[in-house]
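> A predicted structure for the sequence below; I have some questions about it.
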Amino acid sequence: MAIATKVCFHLGARLGTAGFVYLIIIALLSLMDSFVTSAVFSITAVGCLAFFFTQPIFTFRVGELRDLAALIAFLTTSLIITTLVRRVRWLGKAAREQARLLDLSHDTVFVRDMNAVITYWNHGAEELYGWKKAEALGKTSHQLLQTRFPVSLDDTMNTLLTTGRWEGELIHTTRDGSQVVVLSRWSLQRSANGRPISALETNNDITLRKRAEDALRRNQAAYLAEAQKLSLTGSFGWDPASGEIFWSEQSFRIFGYDLDVTPTVELTLQRVYSDDVALFRQVIDKATSGEQEFDCEYRLLMPDKSIKHLHVVAHVVTDEPGKRRFVGAIMDVTAAKLAAQKLHEAQTELARVTRVTTLGELSASIAHEVSQPLAAIVTNGEACLRWLGHPSPELAEVQNCVTRMIGEGRRASDIVHHIRTLAKKDFLQKTRLDLNDVIHDVVGLTQREVLSHKVSLCLRLASELPPLLGDRVQLQQVIINLMMNGIQSMDGIHGRPRDLLIESYMDQGGNLVVAVQDSGPGIDPENADRLFDAFFTTKPNGLGMGLSICQSIVEAHGGRMSAASRPGHGATFQFGLPAIIERSDDARAQSEFQGVAQSCSAIGAPQHLDHIRTALSAFDSGA
């Protein structure tokens, strides 16, 4: 300062010139020293200007007002310059520190202006891409790195300008020509007035991760293909709008097409069994008209004339707004269908064997029932011969005898028919049935057992019940089994009546119910949960299959079976079956029992036998 003052004074410099020289010195000091030093120098410079360059000189008094204003302006300007220079210096230091920290990062970081020209390139970018900072600066980033975008560059820039950020995966080409996949994040930098000035781009190399994901995806695809092959389940995708279909390898195998064939709906339809074409088209029509999911089964007729059973499920996924695409699975359930058929055949055979076993238990009753009409036929035949042997045959009596013989013969034929029907190996054949008729048939077959066990049988059958849809033979088997169980459970009862009650009625749910109630010892609470289990029995010589088969038969008819006990007073087994309702709901709700037909037999006293036979014959005639 002293040198500058001496030079300016000897050269006769004016106040303005000396002040300009001092400002240069102050700016230089601000770049090199602290703000305090620069401020002190500014105040000292004001004093020098006042002492050497204002009138009167060599005194600090300022004679002219304009010189005072100039000194004040100089002090203000010097302080402003000092502040600005110090701020620029601080910002430069912060930028250098920031650059140093960015160079320590393993991620690539570079800055580019709004024309994509690179203005900053960190050490991580040098290592990943191979270009030094001096080589990269000034280059257009997208051209230098040959960037491949997931969407167009214009869309990417629009997102950046709108939201201030963008993130996605990019593919860049390095200096040696290799490609790297990076997870890129862009951040928009704006000026103080909000104008976009640059974009900061940070890239994380995920090439190895992507390769691992691709390898894992290939392994998963291989495992999935193998799993589909083992489970006979294929997958598919279907775009209803374009008709495009994607099949997995297993789907091609299921339909019997080569992998190079392009799957279409019509190609699929060529394999659909003729009886299922209408169902298939209905599913397709619903799916194309807006259905969100479908679940159906249909058959395929293969070129070798074999039949496959398929179960197909699918639902809609939306990849883009307004675009529907179905994703689903195709399951080859042929083996399951065949197994179910075999199981049904085995259950049918088991039920038949059980019926035959039951018939064996009823052999005495059956023999008695058959012998009665045969004995009557013989008696009537003998009477007929006697009437014909008279000198004047009584043709009217002969006609009556022959009529009775025909009636007894038909009765014997009906009994044999019922027995043969029970023993036949038939599959489930549902027809319209009168529930009370089925009960009457069973009572006729079991009357000998009722008599021999000295059981009092009571029928409480509701009249005018609606018909049901069922298999007569199998329902007879259920009722026979329940009656025989009830009869046998009362063998140990002494000192009180052996009562067996059979009821039929309609419950509030519209189901036809058959209940068989005995007066035996009831059900042991410990066995209550196992009554319907296969091979569980409380009989010394029982197989434990009766109630289990009965439950299966009832469930096959859409019904339910249950048991209740009155300890010490008997048990009630009942089942309900859906009725065929042919009247309106109001009429059904108002339907009540029109009457109760009761036929009670007090077994054990000889004087009641004629009454019992008459009642049971009436049941047979009704059947």
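Right, received. Where do you want to start?

> domain map for this protein?
The chain breaks down into these domains under automatic domain parsing: 2-99, 106-210, 235-330, 333-427, 430-622.

> mind listing what Val180 touches?
128, 171-174, 205, 207 (CB atoms under 8 Å, 6 or more residues apart in numbering). Placement of C-beta: from N, CA and C, glycine included.

> if you set the cut-off to 10 Å instead, what comes out?
Neighbouring residues of Val180 by CB atoms under 10 Å, 6 or more residues apart in numbering: 108, 128-129, 145, 170-174, 203, 205-208, 210.

> in strands, which of these appear?
Among those, DSSP state E puts 108, 170-173, 203, 205 in strands.

> excluding its backbone neighbours, what's nearest Leu232?
Using CB to CB, 6 or more residues apart in numbering and skipping the chain neighbours, the partner closest in space to Leu232 is Asp332 (3.9 Å).

> picking that back up, could the domains of the chain go into a markdown table alongside distance to Arg218?
Shown next, in a markdown table, are those (distance: least, CB to CB, whole Å):
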| stretch | distance to Arg218 |
| --- | --- |
| domain 2-99 | 42 |
| domain 106-210 | 13 |
| domain 235-330 | 14 |
| domain 333-427 | 30 |
| domain 430-622 | 48 |
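
> out of these, which gets nearest to Ala225?
Closest approach to Ala225 among those (CB to CB): domain 235-330, 5.4 Å.

> could I get the average pLDDT for that closest one?
Average pLDDT, domain 235-330: 89.

> what about that domain, start to end distance?
6 Å (CA to CA, to the nearest Å).

> what do you get for stretch 298-305?
Note: stretch 298-305 ends 16 Å apart using CA to CA.

> in the stretch 451-600 of the chain, which spans are helices?
For the stretch 451-600 of the chain, applying DSSP state H, counting those that start in this stretch gives helices covering 472-489, 546-556, 585-590.

> redo those helices as TSV? Include distance to Ser141, mean pLDDT and mean neighbour count.
Formatted as TSV, the helices of the stretch 451-600 of the chain follow (distance: least, CB to CB, whole Å; pLDDT from 0 to 100; neighbours: other CB atoms under 10 Å):
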stretch	distance to Ser141	mean pLDDT	mean neighbour count
helix 472-489	82	85	22
helix 546-556	74	80	20
helix 585-590	78	43	10
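
> which of those sits closest to Val312?
Nearest to Val312, of these and by CB to CB, is helix 546-556 at 26.5 Å.

> and whichever strand or helix holds Asn436, what's buried?
For Asn436, the element it lies in under DSSP states H and E is helix 435-452. By 16 or more other CB atoms under 10 Å, the buried positions in helix 435-452 come out as 435-436, 438-451.

> one more: stretch 309-325?
309-312, 314, 316, 324-325.

> among those, list the two that are farthest apart in space.
His309 and Arg324 (28.0 Å).

> if we can go back for a sec, can you tell which of the helices of the stretch 451-600 of the chain is closest to Leu232?
Short answer: helix 546-556, nearest of these by CB to CB, at 27.6 Å.

> how far off helix 472-489 does the closest one point, in degrees?
When axes from the mean of the first three to the mean of the last three CA atoms, to 10 degrees is applied, the directions of helix 546-556 and helix 472-489 differ by 150 degrees.

> helices or strands up against helix 546-556?
helix 334-361, strand 468-470, helix 472-489, strand 560-566, strand 570-578 (3 or more CB pairs under 10 Å, 6 or more residues apart in numbering; DSSP states H and E).

> closest to Val272 out of the contacts of Val180?
Lys210 (42.1 Å).

> ok so, going back, mind putting the helices of the stretch 451-600 of the chain in a markdown table, distance to Gly522 included?
Output for these, formatted as a markdown table (distance: least, CB to CB, whole Å):
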| stretch | distance to Gly522 |
| --- | --- |
| helix 472-489 | 9 |
| helix 546-556 | 15 |
| helix 585-590 | 35 |
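
> and these: which comes nearest Asn122?
Here helix 546-556 is closest among these (CB to CB), at 75.5 Å.

> starting at the chain centroid, how far to the closest one?
31 Å (CA atoms, centre = their mean, to the nearest Å).

> okay, the angle between that helix and strand 570-578?
20 degrees.

> how many residues are close by Asp499?
19 (other CB atoms under 10 Å).

> can you tell me who it pairs with across the strands?
Assessed by DSSP bridges, Asp499 has beta-bridge partners Ser456.

> return the distance of it relative to Ser413.
33 Å (CB to CB, to the nearest Å).

> follow-up on the earlier one: among the helices and strands packed on helix 546-556, which is nearest His390?
helix 334-361 (44.2 Å).

> pLDDT of that closest one, averaged?
Here the average pLDDT along helix 334-361 is 73.

> can you tell me the closest non-neighbouring residue to Gly576?
That would be Asn511: by CB to CB, 6+ apart, it lies 3.8 Å from Gly576.

> surely that neighbour and Gly558 touch.
Yes: applying CB atoms under 10 Å, one finds Asn511 in contact with Gly558, separated by 9.2 Å.

> show me which of those two is the more surrounded one.
Taking neighbours as other CB under 10 Å, Asn511 and Gly558 compare with Asn511 leading, 17 against 13.

> and the residue nearest to Gly576, what's its pLDDT?
For Asn511, pLDDT reads 92.

> mind listing the strands for the stretch 251-400 of the chain?
293-301, 307-317, 325-332 (DSSP state E, counting those that start in this stretch).

> between Asn511 and Gly558, which contacts overlap?
Joint contacts of Asn511 and Gly558 (CB under 10 Å, 6+ apart) are 468, 576-578.

> related to what we said a few turns ago, Pro240: which of the strands of the stretch 251-400 of the chain is closest?
Short answer: strand 325-332, nearest of the strands of the stretch 251-400 of the chain by CB to CB, at 7.0 Å.

> which parts of that closest one are buried?
Neighbour count says strand 325-332 has 325-326, 328-332 buried, by 16+ other CB under 10 Å.

> now the helix holding Asn436 against helix 472-489, angle please.
Using the same axes, to 10 degrees: helix 435-452 against helix 472-489 is 30 degrees.

> avg pLDDT for helix 435-452?
84.

> restrict that helix to CA atoms and write it as CSV.
Provided in CSV are the C-alpha atoms of helix 435-452 (Å, rounded to 0.1, in the frame of the first residue of the first chain):
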residue,chain,number,x,y,z
LEU,A,435,-90.0,-92.1,-0.6
ASN,A,436,-92.8,-93.9,1.2
ASP,A,437,-92.9,-96.6,-1.5
VAL,A,438,-89.2,-97.2,-0.9
ILE,A,439,-89.8,-97.6,2.8
HIS,A,440,-92.7,-100.0,2.1
ASP,A,441,-90.4,-102.2,-0.1
VAL,A,442,-87.9,-102.4,2.7
VAL,A,443,-90.5,-103.2,5.4
GLY,A,444,-91.7,-106.1,3.2
LEU,A,445,-88.2,-107.6,3.0
THR,A,446,-87.5,-107.2,6.7
GLN,A,447,-90.8,-108.3,8.3
ARG,A,448,-89.4,-111.7,9.2
GLU,A,449,-86.5,-110.1,11.1
VAL,A,450,-89.0,-107.8,12.9
LEU,A,451,-91.1,-110.9,13.9
SER,A,452,-88.2,-113.1,14.9
